[in-house]
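>>> Structure here, sequence nowhere to be found:
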């Protein structure tokens, strides 16, 4: 079978002027982050002739932090997906190709956080030079330390190496920063003699506080029934609350103040509740599979994921490896868009159980299920292209590990095929 895959010939790459925009360094996530920085540079350029005051720098920092926080809110994410996928399939493919990149919105988060930190550094320097009251400076320097720590731990290499420290710093450092921003705003208001509620900073902080608290108002401990078809996988079934929409995800935790992990919801037509497929992919998932809980914590609402962009296209190919079948399965079951599945995994029936494999085949009788235990690892770019060509699809959606997702997405995009996959920016 490997020899047959190697016989698949990919199209010629796009011309260099178009192909260069498909480079991972120029992906839409990074373009959005760069756009935020550029807008701030323009603002700085207009403000420089009149001089930059500490108040101006503080307001600019808060505006950027507001962007970074609000763009991560679950309801806003769902709204962005709803707007982007409202385009009809009669629109030009190039337009729909671009709209499908809506899940790169995290670039706005990164751009806002980094630029906000730079503005706050400017505010700190200006306040120090102006001889601000000691109470203001103490709060300011504490905030600078927190902001810099969060930015440094979010650097890709450090984040990958110390992910738990990254999560804890962002959660507890973020909450502490919000409290200190309130304290700083109140303290500056007292020293300036200005009414607190008359300042725009007050109302921005009110909005940000409400946005941050909102998911936690829905925190609850819910029962879960878990099937373990193999030591590699657990299939968790939930029956609480409203049935989530196909293509959404739910965050669960066994310790709500420490770790949260998101998994794709798998609702089935005519069936109450939904499932999550949880594969052994680290310490947390390993402990979950070895020590099956009777209850877990959930918070917030179901949030749209990358595969929701399928409705922008007439026909799509889903490419998955291992437990990547989880985010694909709800779309295959819903059959909202004609789709073809390519799934590479080790011993599918032994690992995931006959029931899940038969469920897939019932809706995807022509699915290509590649057993890596029997045939080895295939060239997924070539397999994806062959399915795209034979199915006359308009796009490919890949759900896999980070390395292979990038290989498939950029391997196809550089030859002119719309391709999508998670970017691990959350």
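Looks like it came in fine. Note that the structure is a prediction, hence the values are computed from the model and not measured.

>>> What ranges does the protein have for its strands?
220-223, 225-230, 233-238, 248-255, 259-264, 274-279, 295-298, 303-304, 316-321, 339-345, 368-371, 395-399, 419-421 (DSSP state E).

>>> who does the third one pair up with?
In the sheet containing strand 233-238, its partner strands are strand 225-230 (antiparallel), strand 274-279 (antiparallel), by DSSP bridges.

>>> List the buried residues in the last one.
Going back to what we said before, that points to strand 274-279. Applying a neighbour-count criterion of 16 or more other CB atoms under 10 Å, one finds 274, 275, 276, 277, 278, 279 buried in strand 274-279. (Each C-beta comes from the backbone N, C-alpha and C, glycine too.)

>>> what residues are up against the nearest residue to residue 176 once chain neighbours are set aside?
Leaving out its chain neighbours, the residue that sits closest to residue 176 by CB to CB, 6 or more residues apart in numbering is residue 146, at 6.2 Å. Counting by CB atoms under 8 Å, 6 or more residues apart in numbering, residue 146 makes contact with 173, 176, 177, 180.

>>> can you do 10 Å?
Residues near residue 146 by CB atoms under 10 Å, 6 or more residues apart in numbering: 117, 169, 172, 173, 174, 176, 177, 180.

>>> Looking at these, which two lie furthest apart in space?
117 and 172 (17.5 Å; CB to CB).

>>> Compare these two (neighbour count), which wins?
residue 117 (21 against 13; other CB atoms under 10 Å).

>>> so the more buried one touches residue 60, yeah?
No - here residue 117 lies out of contact with residue 60, judged by CB atoms under 10 Å, at a distance of 11.3 Å.

>>> how near is residue 329 to residue 26?
32 Å (CB to CB, to the nearest Å).

>>> Between those two, which has more neighbouring residues?
Neighbour comparison, residue 329 and residue 26: the larger count goes to residue 329, with 28 against 12 (by other CB under 10 Å).

>>> which ones are touching that one?
246, 264-268, 275, 277, 318, 320, 341, 343, 356, 359-360, 363-364, 399.

>>> The same query, at a cut-off of 7 Å, please.
Taking CB atoms under 7 Å, 6 or more residues apart in numbering as the criterion, residue 329 is in contact with 266, 360.

>>> With residue 85 instead?
By CB under 7 Å, 6+ apart, the neighbours of residue 85 are 308, 309, 311, 312.

>>> between the residues you listed, which has the most around it?
residue 312 (27 neighbours).

>>> check contacts around that one.
Here residue 312 is in contact with 85, 87, 89, 96, 99, 100 (CB under 7 Å, 6+ apart).

>>> Can you say which of those residues are buried?
By 16+ other CB under 10 Å, those give 85, 87, 96, 99, 100 as buried.

>>> Those residues into JSON lines, with extra columns for distance to residue 32 and pLDDT?
Formatted as JSON lines, those follow (distance: CB to CB, whole Å; pLDDT from 0 to 100):
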{"residue": "85", "distance to residue 32": "18", "pLDDT": "96"}
{"residue": "87", "distance to residue 32": "19", "pLDDT": "96"}
{"residue": "96", "distance to residue 32": "19", "pLDDT": "97"}
{"residue": "99", "distance to residue 32": "14", "pLDDT": "97"}
{"residue": "100", "distance to residue 32": "15", "pLDDT": "96"}
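
>>> picking up where we left off before, what's the PyMOL line that selects buried ones from the contacts of residue 146?
Restricted to buried positions by 16+ other CB under 10 Å, the PyMOL selection for the contacts of residue 146 reads:
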select buried, resi 117+169+173+174+177+180
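
>>> ok, so of the contacts of residue 146, who is nearest residue 424?
For the contacts of residue 146, the nearest to residue 424 is residue 169 (17.5 Å; CB to CB).

>>> TSV for the buried residues of strand 274-279, including pLDDT and distance to residue 5?
Listed next are the buried residues of strand 274-279 as TSV, based on pLDDT from 0 to 100; distance: CB to CB, whole Å:
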residue	pLDDT	distance to residue 5
274	92	35
275	91	31
276	92	31
277	91	26
278	92	30
279	89	24
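
>>> related to what we said a few turns ago, tell me the pLDDT at the residue nearest to residue 176?
Note for residue 146: predicted pLDDT of 96.

>>> again with residue 192
87.

>>> could we number from 28 for the rest of this?
Fine by me, first position is 28 from now on; the one you just mentioned is residue 219.

>>> Can you get me a residue count around it?
11.

>>> same deal with residue 279?
Neighbours of residue 279 (other CB under 10 Å): 23.

>>> Just the endpoints, please. Distance across stretch 125-137?
Start-to-end span of stretch 125-137 (CA to CA, to the nearest Å) is 20 Å.

>>> mind listing what's buried in it?
126, 127, 128, 129, 130, 131, 132, 133, 134, 135, 136, 137.

>>> Quickly note the distance from the fifth one to residue 40.
Using CB to CB, residue 130 is found at 25 Å from residue 40.

>>> quick one, what contacts residue 426?
347, 351, 354, 355, 448.

>>> Quickly list what it is bridged to.
residue 347.

>>> Columns pLDDT on top of the contacts of residue 173, output as a markdown table?
A markdown table is the format used below for the contacts of residue 173 (pLDDT from 0 to 100):
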| residue | pLDDT |
| --- | --- |
| 144 | 97 |
| 196 | 91 |
| 199 | 93 |
| 200 | 93 |
| 201 | 93 |
| 203 | 96 |
| 204 | 96 |
| 207 | 97 |
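
>>> Return the closest of the contacts of residue 173 with respect to residue 99.
residue 201 (10.4 Å).

>>> Can you give me every residue that contacts the closest residue to residue 275 other than its chain neighbours?
Spatial nearest neighbour of residue 275, excluding adjacent residues (CB to CB, 6+ apart): residue 329 at 3.7 Å. Contact partners of residue 329, counting by CB under 7 Å, 6+ apart, are 271, 272, 275, 276, 277, 292.

>>> pLDDT added to those, as TSV?
Shown next, in TSV, are the contacts of residue 329 (pLDDT from 0 to 100):
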residue	pLDDT
271	90
272	90
275	91
276	92
277	92
292	92
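
>>> For residue 166, which non-adjacent residue is closest in space?
residue 211 (4.3 Å).

>>> Please tell me how far the one you found sits from residue 230.
From residue 211 over to residue 230 (counting by CB to CB), the distance is 16 Å.

>>> just residue 259 next, same as before
For residue 259 relative to residue 230 (CB to CB), the value is 50 Å.
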